[in-house]
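Trainee: Need the 3D shape of this:
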Amino acid sequence: MPVGILASLLLCSALPSAAVAQDVNQIRWKSEAQVRQILGEPISTTPPVGTHATYTLWRYDGYTVAFANSKAFHLFRTDSLNTMELNENRAEGS
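Mentor: The predicted structure is shown next:
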(Lines give C-alpha, C1' and ligand atoms only; values in the text may rest on other atoms or scores of the structure.)
Protein backbone atom coordinates (compact mmCIF):
# COMPACT_ATOMS: atom_id res chain seq x y z
CA MET A 1 0.00 0.00 0.00
CA PRO A 2 1.58 3.32 -1.02
CA VAL A 3 2.28 5.80 1.77
CA GLY A 4 -0.16 8.33 0.24
CA ILE A 5 -3.05 5.90 0.51
CA LEU A 6 -2.15 5.12 4.11
CA ALA A 7 -2.07 8.83 4.92
CA SER A 8 -5.47 9.23 3.24
CA LEU A 9 -6.86 6.44 5.41
CA LEU A 10 -5.85 8.41 8.48
CA LEU A 11 -7.55 11.56 7.24
CA CYS A 12 -10.68 9.99 5.78
CA SER A 13 -11.58 7.25 8.23
CA ALA A 14 -14.86 7.68 10.06
CA LEU A 15 -14.81 8.38 13.77
CA PRO A 16 -14.48 5.10 15.64
CA SER A 17 -17.08 3.78 18.05
CA ALA A 18 -16.37 4.03 21.79
CA ALA A 19 -15.12 0.42 21.90
CA VAL A 20 -12.75 0.93 18.99
CA ALA A 21 -11.56 4.26 20.44
CA GLN A 22 -10.73 2.46 23.67
CA ASP A 23 -8.76 -0.16 21.71
CA VAL A 24 -6.88 2.59 19.84
CA ASN A 25 -5.65 4.06 23.11
CA GLN A 26 -4.82 0.58 24.38
CA ILE A 27 -2.62 -0.31 21.38
CA ARG A 28 -1.18 3.02 20.22
CA TRP A 29 2.65 2.94 19.97
CA LYS A 30 2.77 -0.67 21.16
CA SER A 31 5.05 -3.19 19.44
CA GLU A 32 3.64 -5.92 17.21
CA ALA A 33 4.20 -8.46 20.00
CA GLN A 34 2.33 -6.28 22.51
CA VAL A 35 -0.60 -5.78 20.09
CA ARG A 36 -0.72 -9.54 19.50
CA GLN A 37 -0.93 -10.05 23.30
CA ILE A 38 -3.77 -7.51 23.60
CA LEU A 39 -5.83 -8.31 20.48
CA GLY A 40 -4.73 -11.84 19.59
CA GLU A 41 -3.65 -13.22 16.21
CA PRO A 42 -4.73 -11.13 13.21
CA ILE A 43 -6.85 -12.73 10.49
CA SER A 44 -4.35 -11.49 7.89
CA THR A 45 -1.39 -9.14 7.50
CA THR A 46 0.12 -7.13 4.65
CA PRO A 47 3.82 -7.24 3.85
CA PRO A 48 5.81 -4.13 4.85
CA VAL A 49 5.86 -1.23 2.34
CA GLY A 50 7.49 2.18 2.34
CA THR A 51 10.89 3.81 2.01
CA HIS A 52 11.24 6.26 4.91
CA ALA A 53 9.14 4.13 7.23
CA THR A 54 7.76 0.63 6.82
CA TYR A 55 3.99 0.29 7.04
CA THR A 56 2.00 -2.89 7.64
CA LEU A 57 -1.67 -3.59 8.25
CA TRP A 58 -3.09 -6.32 10.47
CA ARG A 59 -6.70 -7.25 9.79
CA TYR A 60 -9.02 -8.40 12.57
CA ASP A 61 -12.75 -9.08 12.55
CA GLY A 62 -14.28 -5.60 12.16
CA TYR A 63 -11.13 -3.50 12.29
CA THR A 64 -7.58 -3.09 10.98
CA VAL A 65 -4.47 -2.03 12.92
CA ALA A 66 -1.88 0.11 11.10
CA PHE A 67 1.80 -0.13 12.05
CA ALA A 68 4.70 2.20 11.19
CA ASN A 69 8.16 0.78 11.85
CA SER A 70 6.59 -2.09 13.83
CA LYS A 71 4.70 0.25 16.20
CA ALA A 72 0.88 0.48 16.13
CA PHE A 73 -0.29 3.99 15.35
CA HIS A 74 -3.96 3.65 14.39
CA LEU A 75 -6.93 1.30 14.41
CA PHE A 76 -9.59 1.61 11.68
CA ARG A 77 -13.10 0.22 11.61
CA THR A 78 -13.33 -2.09 8.60
CA ASP A 79 -16.53 -0.45 7.34
CA SER A 80 -14.78 2.96 7.13
CA LEU A 81 -12.00 1.40 4.99
CA ASN A 82 -14.53 -0.25 2.67
CA THR A 83 -16.31 3.09 2.18
CA MET A 84 -13.04 4.83 1.38
CA GLU A 85 -11.96 2.18 -1.12
CA LEU A 86 -15.32 2.55 -2.88
CA ASN A 87 -14.91 6.34 -3.04
CA GLU A 88 -11.35 6.01 -4.41
CA ASN A 89 -12.58 3.69 -7.16
CA ARG A 90 -15.26 6.20 -8.16
CA ALA A 91 -12.70 9.02 -8.32
CA GLU A 92 -10.43 6.99 -10.62
CA GLY A 93 -13.29 6.27 -13.02
CA SER A 94 -14.34 9.95 -13.34
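Trainee: How much space separates Gly50 from Trp29?
Mentor: Applying Cβ to Cβ, to the nearest Å, the value for Gly50 to Trp29 is 18 Å. Every C-beta, even on glycine, is put in place using the N, C-alpha and C of the backbone.
Trainee: Who has more neighbours out of these two?
Mentor: Legend: neighbour count by other Cβ atoms under 10 Å for Gly50 and Trp29, higher for Gly50 (14 against 9).
Trainee: pull the helix or strand with minimum mean pLDDT from this structure.
Mentor: Of all regular secondary-structure elements in the chain, judged by mean pLDDT, DSSP states H and E, the least confident is helix 3-12 with a mean of 48.
Trainee: Which parts of the chain are helices?
Mentor: Remark: helices of the chain, listed N- to C-terminal, are 3-12, 18-27, 32-39, 78-93; assignment by DSSP state H.
Trainee: For the ones you listed, which has the smallest mean pLDDT value?
Mentor: Averaged per stretch, pLDDT over the helices of the chain is lowest on helix 3-12, reaching a mean of 48.
Trainee: residues in contact with Pro48?
Mentor: Each residue near Pro48 by Cβ atoms under 8 Å, 6 or more residues apart in numbering is listed here: 54-56.
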